[in-house]
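Undergrad: coordinates only, sequence not included:
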Ligand SMILES: [Zn+2]
């Protein structure tokens, strides 16, 4: 396994590290992003923890290539704000459209370079989807008809099994969200594209554990680990 650190949007005020981890065998690639929204802390901590585990050889990428951007919007993260404008509405909406922010331009360019089979974007949200289906907390989201749907249903079933309180269990949501990274990856890269949302009001340590379990589940489904 080989791990290299690079800089996204290098030389701009949005510069942020990303990591390319290659397994010893050939395989698919996966892109993993967190911190598109700067106030969704558990997703950022989980992505950083994943990078740390890989650095320390406590987790191995066996096949293919993993690209991780642990904190996409560092400026928003510093201020613990969602980010202005909302970065997750600035990705290209169609073939002819262009990304509208330095970071979404750089991120989408990186995605085009690697043509990932999977595009996973970690977030957090309000509410518990089991209690209120309008809420996005504790969900895995894909665009309708996305090829990731069977896999994310299996991951949700696996992650839910030890969660005794039903209200805290995850659900699968299918929705279009034009301008989001997931939507662009689904429509323009034909990737298996997933958004992960933990619920903000749960304890931080639980949220990080959920994010880690889901990331590992997706890495396994993608045959990288
Ligand atoms: Zn978010």
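TA: Nice, thanks for sending it over. None of the values given here were measured: they were computed from a predicted structure.
Undergrad: can you list the residues of the chain near the ion?
TA: Contact residues (CB under 5 Å from the ion) of the chain with the ion: 37, 40, 123. (C-beta placed from N, C-alpha, C; glycine too.)
Undergrad: what kind of secondary structure is the last one in?
TA: Just to be clear, that refers to residue 123. Judged by DSSP: H, G, I helix; E, B strand; the rest coil, the three-state class of residue 123 is strand.
Undergrad: repeat for the first one
TA: When classified by three-state DSSP, residue 37 comes out as coil.
Undergrad: so what's it up against?
TA: Residue 37 makes contact with 73, 76, 82-83, 86-88, 123-124, according to CB atoms under 8 Å, 6 or more residues apart in numbering.
Undergrad: circling back to that earlier point, reformat the residues of the chain next to the ion into CSV and put pLDDT next to each item.
TA: CSV is the format used below for the residues of the chain next to the ion (pLDDT from 0 to 100):
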residue, pLDDT
37, 98
40, 98
123, 98
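Undergrad: what about burial for the contacts of residue 37, which qualify?
TA: Neighbour counting over those (16 or more other CB atoms under 10 Å) leaves 73, 76, 82-83, 87-88, 123-124 as the buried ones.
Undergrad: Of those residues, which belong to helices?
TA: residue 76 (DSSP state H).
Undergrad: what's around the closest residue to residue 43 other than its chain neighbours, how many residues?
TA: Nearest in space to residue 43, with sequence neighbours left out and distances taken as CB to CB, 6 or more residues apart in numbering, is residue 122 at 3.5 Å. For residue 122, the neighbour count with other CB atoms under 10 Å is 28.
Undergrad: Now the longest helix seen in the chain: buried residues?
TA: Determined from DSSP H, the single longest helix within the chain is helix 204-221. Applying a neighbour-count criterion of 16+ other CB under 10 Å, one finds 207-219, 221 buried in helix 204-221.
Undergrad: Tell me the strands beside the longest strand along the chain, with direction?
TA: What stands out as the longest strand in the chain, according to DSSP state E, is strand 25-34. As defined by DSSP bridges, the strand partners of strand 25-34 come to strand 63-69 (parallel), strand 118-125 (parallel).
Undergrad: if we can go back for a sec, confidence score at the residue nearest to residue 43?
TA: With respect to pLDDT, residue 122 has a value of 98.
Undergrad: so how far is residue 131 from it?
TA: According to CB to CB, to the nearest Å, residue 122 stands 22 Å off from residue 131.
Undergrad: Ok, residue 164 next?
TA: From residue 164 to residue 131 the distance is 15 Å (CB to CB).
Undergrad: which one of these two has more residues nearby?
TA: Under the criterion of other CB under 10 Å, the comparison of residue 164 against residue 131 puts residue 131 first, with 14 against 7.
Undergrad: What segments of the chain are strands?
TA: Ranges of strands in the chain, per DSSP E, are 2-8, 16-22, 25-34, 63-69, 118-125, 139-142, 171-174, 192-199.
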